[in-house]
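Engineer: Okay, predicted coordinates and the sequence, questions at the end:
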Amino acid sequence: MVDVLADTSIRKMISVVSLTEIAIKVSTGKLDVGPRFFDTVGNLGLEVEPFGVDHARALAELPWIHRDPFDRMLVAQAMVDGATLLTVDPNIRKYPVSTLS
């Protein structure tokens with residue numbers, strides 16, 4: 001996985017869904033990412049991808065294999081966008097979506 005992240009020829013994205021989950025965990029004290037985390041996301045070479053109507057439609061049709069709402073949103077988004085998810089979650093791998101662990 002480190003090789004993929006380091007490869008500059010591969011387009012890398014972070015979903016606004018992931019940023020939202022991080023923000024919630026920071027605000028509840030469950031995660032500490034440092035005071036400048038959100039300022040530096042753009043410097044990481046990641047494109048921030050929005051969650052839109054097509055993603056919501058796919059989410060509504062997604063089977064209930066996984067119960068975490070953020071993970072379900074990421075699966076739906078990856079399915080619509082044809083993206084590969086970086087994950088270690090075995091439940092995500094049960095969906096028909098490309099994953100990399």
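Structural biologist: Cool, got the structure.

Engineer: Nearest spatial neighbour of residue 25, chain-adjacent residues omitted?
Structural biologist: Once flanking residues are discounted, residue 25 sits nearest to residue 31: 3.7 Å by CB to CB, 6 or more residues apart in numbering. In this view, the C-beta of every residue, glycine as well, is placed from N, C-alpha and C.

Engineer: Helix, strand, or coil at that neighbour?
Structural biologist: Following DSSP: H, G, I helix; E, B strand; the rest coil, we place residue 31 in the coil state.

Engineer: Pop out the phi and psi values for it.
Structural biologist: Reported as degrees, to the nearest 10, the phi and psi values for residue 31 are phi -150, psi 140.

Engineer: can you check the one 3 residues further on too?
Structural biologist: With angles defined as degrees, to the nearest 10, residue 34 sits at phi 90, psi 160.

Engineer: Next one, pLDDT for it please.
Structural biologist: pLDDT recorded at residue 34 is 89.

Engineer: cool, the one 10 residues further on as well?
Structural biologist: Residue 44 carries a pLDDT score of 79 in this model.

Engineer: What are the boundaries of the strands in the chain?
Structural biologist: With DSSP state E, the ranges of strands along the chain come out as 13-15, 47-49, 85-86, 99-100.

Engineer: Using CSV, lay out these together with mean neighbour count, distance to residue 60 and mean pLDDT.
Structural biologist: Below are those laid out as CSV (neighbours: other CB atoms under 10 Å; distance: least, CB to CB, whole Å; pLDDT from 0 to 100):
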stretch, mean neighbour count, distance to residue 60, mean pLDDT
strand 13-15, 18, 17, 95
strand 47-49, 14, 19, 94
strand 85-86, 17, 19, 94
strand 99-100, 14, 22, 93
